[in-house]
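Novice: The sequence isn't on hand, but the structure is:
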Ligand SMILES: Cc1cc2nc3c(=O)[nH]c(=O)nc-3n(C[C@H](O)[C@H](O)[C@H](O)COP(=O)(O)O)c2cc1C
């Protein structure tokens, strides 16, 4: 029976355990979108701490696709070398590393050419977006492709397409934010069209042997929004274009309060896993190693993402292995005396 310390293989990527660092924006670059020393130190610490897979924070595929003026980017060739340094460093400490490719759409807080499927405001802190033209859609799809090429050149092990939390792709997927009358709006088959095209374009640059993931918001906390069943249907419609794993989150599409509790998203992940037959990364407010282990042991999820808990405690994997009495986990040789 698998547990959180069991290896996991997807395509040519082998993870030494089931713990994934959730993508988390650090807003610590500048207008260049380049990797800074902070990023190397931050991600390396989690690599040293035993995390199997690190997913680098939402990284903008276009300058106007940033959330803030401090986002990381892969919208320009000049950004590749900084990312390569980050990848090489994290690899030195035994972790695998992916990047989350993202476009903020209407949740771009810089105010610079804010675009979305429909001209609908998120809340008063943001600008009302301009409805995207066919040309804008083509540019965004191509930008995902070019960023995937740069991610390949930087040596990443994994790409995750950010289709969650109400950012651009999610704005297309959701009936709450997509009122288009063309073939990118309307029924679910049309609303998922941009995601399908992005996956197709990314796969032209991203080798088939390397895993590609999509992060989804499995529930939108509004009865008129996508349900977990809708999101499962969308995954089923796009998976054959080269998706290998689904990272299951929720919310962010509309400005509403979420009643979150430890494990609040696990059932969404398990439902998607069952309905799509795809491996899933699940999490949300998890910090307890028994709880994380239960999810994997009961096959309710394949990989566990930890976000804030890894900000508090980068050594979660090492500490949990010690608490659970698992001897097989390899500690960094410098830290062996603390095992
Ligand atoms: C500081 C911070 C930044 C985040 N940035 C991102 C992001 O870039 N991409 C993303 O998909 N989710 C982002 N999230 C959501 C996390 O990936 C995760 O889903 C969420 O925090 C719930 O997991 P947790 O309770 O373990 O933190 C962010 C969360 C935090 C706390």
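Specialist: Received the coordinates, thanks. Since the structure is predicted, the reported quantities are computational estimates derived from the model, not experimental observations.
Novice: Around the ligand, pick out the residues from the chain.
Specialist: 22-25, 57-58, 100, 162, 164-165, 215, 249, 283-286, 306-309 (CB under 6 Å from any ligand atom). For glycine as for every other residue, the C-beta is placed from the backbone atoms N, C-alpha and C.
Novice: got the contact list for the residue of the stretch 101-250 of the chain found nearest the ligand?
Specialist: Closest contact between the stretch 101-250 of the chain and the ligand, by CB to the nearest ligand atom, is at residue 249 (4.7 Å). By CB atoms under 8 Å, 6 or more residues apart in numbering, the contact list for residue 249 reads 164-165, 215-218, 265, 284.
Novice: Next, the buried residues of stretch 90-101.
Specialist: Judged by neighbour count (16 or more other CB atoms under 10 Å), stretch 90-101 contains these buried residues: 90, 93, 95-101.
Novice: Please apply the same query to stretch 12-19.
Specialist: Going by neighbour count (16+ other CB under 10 Å), the buried part of stretch 12-19 is 13, 15-19.
Novice: mind putting these in JSON lines, pLDDT and secondary structure included?
Specialist: Conversion of the buried residues of stretch 12-19 to JSON lines gives the following (pLDDT from 0 to 100; DSSP: H, G, I helix; E, B strand; the rest coil):
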{"residue": "13", "pLDDT": "98", "secondary structure": "strand"}
{"residue": "15", "pLDDT": "98", "secondary structure": "strand"}
{"residue": "16", "pLDDT": "98", "secondary structure": "coil"}
{"residue": "17", "pLDDT": "98", "secondary structure": "coil"}
{"residue": "18", "pLDDT": "98", "secondary structure": "coil"}
{"residue": "19", "pLDDT": "98", "secondary structure": "strand"}
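Novice: quick check, nearest of these to residue 192?
Specialist: In terms of CB to CB, no member of these lies closer to residue 192 than residue 13, at 25.3 Å.
Novice: List the contacts of the closest one.
Specialist: The contact partners of residue 13, taken as CB under 8 Å, 6+ apart, are 96, 157-158, 210-211.
Novice: picking up where we left off before, just flag the most distant two among the buried residues of stretch 90-101.
Specialist: Going by CB to CB, the two entries of the buried residues of stretch 90-101 that are most distant from one another are 93 and 101, at 23.4 Å.
Novice: Show residues contacting stretch 80-88.
Specialist: Among residues not part of stretch 80-88, those counted as contacts by CB under 8 Å, 6+ apart are 34-35, 39-40, 43, 56, 72, 74, 97, 99, 150-151, 153-156.
Novice: Averaged pLDDT, the helix ranked longest in the chain. What do you get?
Specialist: In the chain, ranked by residue count with DSSP state H as the criterion, the top helix is helix 134-154. Across helix 134-154, the average pLDDT comes to 99.
Novice: Identify each buried residue in that helix, please.
Specialist: Within helix 134-154, the residues that qualify as buried by neighbour count (16+ other CB under 10 Å) are 136-137, 140-141, 143-152, 154.
Novice: where exactly do the helices run in the stretch 1-150 of the chain?
Specialist: Under the criterion DSSP state H, counting those that start in this stretch, the stretch 1-150 of the chain contains helices at 37-48, 80-92, 134-154.
Novice: I misspoke; the intended subject was the stretch 201-339 of the chain.
Specialist: 228-238, 266-276, 289-297, 308-312, 316-323.
Novice: would you turn the ones you listed into JSON lines with mean pLDDT and mean neighbour count?
Specialist: Supplementary listing: the helices of the stretch 201-339 of the chain in JSON lines, determined by pLDDT from 0 to 100; neighbours: other CB atoms under 10 Å:
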{"stretch": "helix 228-238", "mean pLDDT": "98", "mean neighbour count": "20"}
{"stretch": "helix 266-276", "mean pLDDT": "98", "mean neighbour count": "20"}
{"stretch": "helix 289-297", "mean pLDDT": "98", "mean neighbour count": "18"}
{"stretch": "helix 308-312", "mean pLDDT": "98", "mean neighbour count": "16"}
{"stretch": "helix 316-323", "mean pLDDT": "97", "mean neighbour count": "20"}
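Novice: I'd like to know which of those helices is closest to residue 3.
Specialist: For the helices of the stretch 201-339 of the chain, the distance to residue 3 is smallest for helix 289-297, at 5.3 Å, taking CB to CB.
Novice: Run the chain-centre distance for that closest one.
Specialist: On the basis of CA atoms, centre = their mean, to the nearest Å, the separation between the geometric centre of helix 289-297 and that of its chain is 21 Å.
Novice: Return the list of helices and strands in contact with that helix.
Specialist: Helix 289-297 is packed against strand 303-306, helix 316-323, with contacts defined by 3 or more CB pairs under 8 Å, 6 or more residues apart in numbering; DSSP states H and E.
Novice: Can you tell me the closest non-neighbouring residue to residue 125?
Specialist: The shortest distance from residue 125 to any residue that is not its chain neighbour, by CB to CB, 6 or more residues apart in numbering, is 7.3 Å, and that residue is residue 109.
Novice: Great, nothing more from me.
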